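[1] Turn this into a structure:
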Amino acid sequence: MNRLRLLSTGRRALAALALLVLGASGALASAGPAAAEGAAPVSWSVTPADASGPDGRVIVEHAVDAGASVDDFFAVRNLGAEEVTFRLSAADGFTNDNGRFDMLASDQQSVDAGAWISLPESVTVAPGGTAVVPFTIVVPANAEPGDHAAGIAASILSVEQGDGASVGVESRVGFKVMTRVTGELEPAFSVQQVSADYRTSWNPLRAGDIAVSFEVVNEGNTRLAVAGTVAVAGRELAFPAEGERAQELLPGERRAFALEIDQVWPLVAFPGEIVVAPTVTTVGGETSEVAPVSTSILVWAMPWPQLLVLVGLVLVVLALVWRRGRSKRRLDAMLAEAREEGRRDSAGGGPDLPQATSGADTAAAAAHREG
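    Numbering: from 1, shown residues only. This is a model prediction of the structure:
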């Protein structure tokens, strides 16, 4: 049960709105406590039924010709300890962003299957008791073939006091009603808003992720259970994942899907493919596949962190080579200078040094001195 609260002052009339929240596969079993402060809580359930009581169905499905009608029943069970009068209503149905079935709020006007349902305005149920309520679906003669969704709910209005203001809460519990108007069924869909991005990890020793997102638009007149695969970077990811239910799209609805493939090393570019293959469910529960649609994608995955590391290594190597070359050039210059100095010394006779004399020269000098 989902509640929407509206504050009202003493001068304003008490207003209440509520959202009906239903599981896509069936009705909400019971409502949580809903009562004025100090009053006994009220809880209840609403389920499809036959004339004798709940019959095990979780949703109501009928195939009806345009201009024809069908009668059915639902059961309201009071799980509280006091007698309760429940307000009954029907409204157009839709699938919310979470993929769960919902119905229009009380202040919104139904223009499709919700307006086809006739039922009593209220029902009073004894504590612990169950009331079976009849309702009729009258399909207009000009109704378009295909699936039309609505919801039936039982609700109560409770009042709470807080911070000097009154709070009105309308709590609703109900189930889904699917009416398939007979005629030519034309399931169709398209894949739009495709995006595929590589999310880089700036740690060069860690791989990044590929994020793929797209929208599926139901362009036909039947509800579709959307499923498929995304294949990229040598990996394939199925949606829905194992153990999850397929997302249902009613005619005219669109749904965004986002998938992530982790631990992918950047290798410049990855071609890939999105394959969407919905199924159509008949009123009898049988399914048939719709021709799949394949959409090509290209994911750019530049290895920037690794390139930066590589550039850094190249710069270090170049610096080492340059330093080594510079040292070699300095040594070569010193050797060349030494050789040049040696050549200059050889050409100029070298430095003045005491000359050695022979023995004859010494004797001649001595004789000259004696004479």
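[2] Next, the contact list for V212, please.
    194-196, 230, 232, 258-261, 272, 274, 297 (CB atoms under 8 Å, 6 or more residues apart in numbering). The C-beta positions use only the backbone N, C-alpha and C, and glycine is treated the same way.
[3] Please narrow these to those residing in strands.
    Assigned to strands by DSSP state E, the following of the contacts of V212 qualify: 194-196, 230, 232, 258-261, 272, 274, 297.
[4] Sheet-wise, list the partners of the helix or strand in which V123 is found with their directions.
    V123 belongs to strand 122-125 when elements are defined using DSSP states H and E. Each strand paired with strand 122-125, and its direction, by DSSP bridges: strand 84-95 (antiparallel).
[5] which is the next helix or strand following the partner strand?
    For strand 84-95, the succeeding helix or strand toward the C-terminus, using DSSP H and E, is strand 101-103.
[6] How much space separates the nearest residue to P134 once chain neighbours are set aside from V123?
    Distances taken as CB to CB, 6 or more residues apart in numbering place F73 nearest to P134, at 5.4 Å, with adjacent residues excluded. According to CB to CB, to the nearest Å, F73 stands 12 Å off from V123.
[7] Please apply the same query to N218.
    Distance from N218 to V123, by CB to CB: 35 Å.
[8] Looking at the two, which one has more neighbours?
    Set N218 next to V123 and count neighbours by other CB atoms under 10 Å: N218 wins out with 24 against 18.
[9] And for the closest residue in space to the more buried one that isn't next to it in sequence, the neighbour number?
    Excluding the flanking residues, the one nearest N218 by CB to CB, 6+ apart is L249, at 4.1 Å. If you count neighbours by other CB under 10 Å, L249 ends up with 23.
[10] what sits against L249?
    With contact set as CB under 8 Å, 6+ apart, L249 has these partners: 95, 189, 216-218, 223-224, 226, 255, 278.
[11] Make a markdown table from the residues you listed and add pLDDT and secondary structure to it.
    Below are those laid out as a markdown table (pLDDT from 0 to 100; DSSP: H, G, I helix; E, B strand; the rest coil):
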| residue | pLDDT | secondary structure |
| --- | --- | --- |
| T95 | 92 | strand |
| F189 | 96 | strand |
| V216 | 97 | strand |
| V217 | 97 | strand |
| N218 | 97 | strand |
| R223 | 94 | coil |
| L224 | 95 | strand |
| V226 | 94 | strand |
| R255 | 94 | strand |
| P278 | 95 | coil |
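[12] Would you state the helices of the stretch 51-200 of the chain in chain order?
    With DSSP state H, counting those that start in this stretch as the criterion, the stretch 51-200 of the chain has no helices.
[13] who's in contact with the residue nearest the centre of the chain?
    Per CA atoms, centre = their mean, the C-alpha nearest to the average position across the chain is that of A258, at 3.8 Å. Residues in contact with A258 (CB under 8 Å, 6+ apart) are 211-213.
[14] From these, pick the one nearest P266.
    A211 (13.8 Å; CB to CB).
[15] Counting neighbours, what do you get for the closest one?
    If we define neighbours as other CB under 10 Å, then A211 has 16 of them.
[16] That one touches F257, doesn't it?
    No - using CB atoms under 8 Å, A211 is not in contact with F257, being 11.4 Å away.
[17] Give me the common contacts of those two.
    Going by CB under 8 Å, 6+ apart, no residue sits against A211 while also sitting against F257.
[18] Local confidence estimate at F239?
    Looking at F239, its pLDDT is 93.
[19] now the strands for the stretch 101-250 of the chain?
    Ranges of strands within the stretch 101-250 of the chain are 101-103, 117-118, 122-125, 130-138, 146-162, 165-181, 189-199, 208-218, 224-226, 228-232, 235-239, 247-249, based on DSSP state E, counting those that start in this stretch.
[20] Convert the fifth one to PDB, retaining C-alpha atoms only.
    Same thing as strand 146-162. In PDB, the C-alpha atoms belonging to strand 146-162 read as follows (Å, rounded to 0.1, in the frame of the first residue of the first chain):
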ATOM      1  CA  GLY A 146      -5.700  -5.000 -28.300                       C
ATOM      2  CA  ASP A 147      -4.900  -4.900 -24.600                       C
ATOM      3  CA  HIS A 148      -6.400  -2.300 -22.300                       C
ATOM      4  CA  ALA A 149      -5.400  -2.100 -18.600                       C
ATOM      5  CA  ALA A 150      -7.300  -1.000 -15.500                       C
ATOM      6  CA  GLY A 151      -7.400  -1.600 -11.800                       C
ATOM      7  CA  ILE A 152     -10.100  -2.100  -9.200                       C
ATOM      8  CA  ALA A 153      -9.500  -1.000  -5.600                       C
ATOM      9  CA  ALA A 154     -11.200  -0.800  -2.200                       C
ATOM     10  CA  SER A 155     -10.100   2.100  -0.100                       C
ATOM     11  CA  ILE A 156     -10.700   3.800   3.200                       C
ATOM     12  CA  LEU A 157     -10.100   7.400   4.400                       C
ATOM     13  CA  SER A 158      -8.400   7.900   7.700                       C
ATOM     14  CA  VAL A 159      -7.600  11.200   9.500                       C
ATOM     15  CA  GLU A 160      -4.400  11.900  11.500                       C
ATOM     16  CA  GLN A 161      -3.500  14.900  13.600                       C
ATOM     17  CA  GLY A 162      -0.100  16.400  13.700                       C
END
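[21] Fine, thanks again, bye for now.
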